[in-house]
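Asks: got a predicted structure here, sequence first:
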Amino acid sequence: MEKQQERKLLACMERAENGEELTVGFLGGSITQGSLASSDTKPYAYLVYQWWCDAFPKAQFHYVNGGIGGTNSHFGVSRAVEDVLMYQPDVVFVDFSVNDEPEEFFKETFEGLLCRLLSWKNSLPVIVLNNVYYDSGKNAQKYHNEVARHYGVPYVSILDTVYQRMKAGEYTREELTPDGLHPNDKGHALVAAELIQYLEQVKQKLRDVGSGSLLEKGGENLPAPLTENAYQMAKRLTIRNCCPELEGFQADAREKMGHLDFFKNGWIGKKEGDKISFEAECSCIAVQYRKTIQKPSPVAKLILDGDMEHAVTLDGNFEEDWGDCLYLETVLHHGEFKKHCVEIEIVQTDKEDKVPFYLLSLIVA
């Protein structure tokens, strides 16, 4: 598998060397999106895209950045098609190592994401990036890289490189990141440099083998998964593809302007008793709603299959201060595969509410 993945990347580079038109895609969280970079050309993702442009001047490249701040691979696998794969990328870089918790659940959702990417188009090479919390060294690479190795997918670890150099005194934390997580321009440049170093090593192999021998696309079967892999075909239920029963909730018909225009095309609940009900055939369910810093905001409850005793509280008030969050809460994991009923009802409002309760989607698998 590892040689097959490298061969795919070499074939991609050979096409670039021959002057073809290619698309470079990125999927991840806020670091991929470019948080705290001083301009759109300073994030690591754009710098890596620029390397492709400079390394293969005869080719024409397109840039697709599917980064969304505060999101994990559970959300990532459900939006991979609409935010990256629909643009038919020729190579994809993926990083959820700081937004996924280091635990088995996210090992499974990350495996689902890698399988979704690897099975999309047989010639698509994928590279995993492991960003890191610079304050603590925390990330999910133990689980992510186990999955990557299983599928022969190359990975580049910032924990094992830039972070270790910082710990050794080559940089101070403040030189790289103002908040202990999101890189500044220098930090983004160092992250990009690690990815580019790997790409340069592969490009050297292209020089060694010569051209004309890599373009054929051979078949490939993915190995048996490491986990139950229930999330590979995870799907978002939104107003674009489903019509839940509304009792007080209203569909948000405002036009959505791109994948970063988060809080559009959802459902809005404003007063106590407002309800919305879904039916979905699946074994895994998560609800995605807004937690807002514009407090107070209404509180809802979710009832699964009529089980009032185990209702889930959905509190629209966010205790963090960095901005409104596309919060994702799992309500069923490896349950019975059948048609499930999800009912959400507003149960608490305040006359001082700043914003209504905002439901973005259900994610089912």
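Replies: In hand now; what should we look at? Computed from a predicted structure; not experimentally measured.
Asks: mind listing what's buried in the helix or strand hosting Ala193?
Replies: Here Ala193, judged by DSSP states H and E, is contained in helix 185-209. Neighbour counts over helix 185-209 (16 or more other CB atoms under 10 Å) mark 185, 187-192, 194-196, 199, 202-203, 206 as buried. C-beta: built from backbone N, CA, C; applies to glycine.
Asks: could you find the lowest-pLDDT member of those residues?
Replies: Among the buried residues of helix 185-209, Leu206 has the lowest pLDDT, at 85.
Asks: follow-up on the earlier one: and the helix holding Ala193, what other elements does it pack with?
Replies: Packing partners of helix 185-209 (3 or more CB pairs under 8 Å, 6 or more residues apart in numbering; DSSP states H and E): helix 2-17, helix 44-55, strand 126-130, strand 155-157, helix 162-167, helix 173-176.
Asks: immediately after it, which helix or strand?
Replies: Downstream of helix 185-209, the first helix or strand assigned by DSSP H and E is strand 235-237.
Asks: any idea how far Phe110 is from the residue nearest to Lys142 when sequence neighbours are not counted?
Replies: Spatial nearest neighbour of Lys142, chain neighbours left out: Pro102 (6.0 Å); criterion: CB to CB, 6 or more residues apart in numbering. Taking CB to CB, to the nearest Å as the measure, Pro102 falls 11 Å from Phe110.
Asks: about what we covered before: which SS state does the residue nearest to Lys142 fall under?
Replies: Using DSSP: H, G, I helix; E, B strand; the rest coil, the structure places Pro102 in coil.
Asks: just the buried residues of stretch 331-344, please?
Replies: Val331, Leu332, His340, Val342, Glu343, Ile344.
Asks: can you put the buried residues of helix 185-209 in TSV and add distance to Cys282?
Replies: Below are those laid out as TSV (distance: CB to CB, whole Å):
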residue	distance to Cys282
Asp185	43
Gly187	40
His188	38
Ala189	43
Leu190	42
Val191	36
Ala192	39
Glu194	38
Leu195	36
Ile196	41
Leu199	39
Val202	39
Lys203	43
Leu206	44
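Asks: sketch out the strands for the stretch 1-150 of the chain, chain order is fine.
Replies: 21-28, 60-67, 91-95, 126-130 (DSSP state E, counting those that start in this stretch).
Asks: redo those as JSON lines? Include mean pLDDT and mean neighbour count.
Replies: JSON lines is the format used below for those (pLDDT from 0 to 100; neighbours: other CB atoms under 10 Å):
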{"stretch": "strand 21-28", "mean pLDDT": "98", "mean neighbour count": "23"}
{"stretch": "strand 60-67", "mean pLDDT": "98", "mean neighbour count": "19"}
{"stretch": "strand 91-95", "mean pLDDT": "98", "mean neighbour count": "26"}
{"stretch": "strand 126-130", "mean pLDDT": "98", "mean neighbour count": "25"}
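Asks: residue nearest the centroid of this structure?
Replies: Gly76 (3.3 Å; CA atoms, centre = their mean).
Asks: residues touching that residue, list them.
Replies: Residues in contact with Gly76 (CB atoms under 8 Å, 6 or more residues apart in numbering) are Leu27, Gly28, Val94, Phe96, Thr109, Leu113.
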